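A.B. asks: 3D model of this:
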Amino acid sequence: MSSEPTEKKDSSGPPGPRESDGWALFSTLLSGVLVWSAIGWGADRLLGFQALFLPIGAILGMVGAIFLIVAKTRHI
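C.D. replies: Here you go, the predicted model:
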């Protein structure tokens, strides 16, 4: 046995990132874009437009997903 003190890690800080956190953020971004693109595609079909609401839905989905990702990962 050694008489040297063992080092204790300070656990009062925020936990480090896990591998599953990256996949959760990626799936949030992907699902936001896909869902809102599908809503835009449906609006195009319903209203008779060629491709007006599809790109609008994709952009809204991406902006919304980025907002959710920032809200999830922000450490106050």
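
A.B. asks: by contact count, what packs against the one helix or strand Val70 maps to?
C.D. replies: Using DSSP states H and E, Val70 sits in helix 53-73. Where contact means 3 or more C-beta pairs under 8 Å, 6 or more residues apart in numbering; DSSP states H and E, helix 53-73 is packed against helix 19-47. The C-beta positions use only the backbone N, C-alpha and C, and glycine is treated the same way.

A.B. asks: quick one: low-confidence parts of the chain?
C.D. replies: Where the chain drops to pLDDT under 70, the residues are 1-17, 75-76.

A.B. asks: ok, the residue nearest to Ser31 when sequence neighbours are not counted to Lys72 distance?
C.D. replies: Spatially, and ignoring its direct neighbours in sequence, Ser31 is nearest to Ala65 (7.4 Å; C-beta to C-beta, 6 or more residues apart in numbering). Distance, Ala65 to Lys72, using C-beta to C-beta, to the nearest Å: 10 Å.

A.B. asks: and for those two, which residues touch both?
C.D. replies: Counting by C-beta atoms under 8 Å, 6 or more residues apart in numbering, the residues touching both Ala65 and Lys72 are Thr28.

A.B. asks: look at these two and report which has more neighbours.
C.D. replies: Ala65 (22 against 11; other C-beta atoms under 10 Å).
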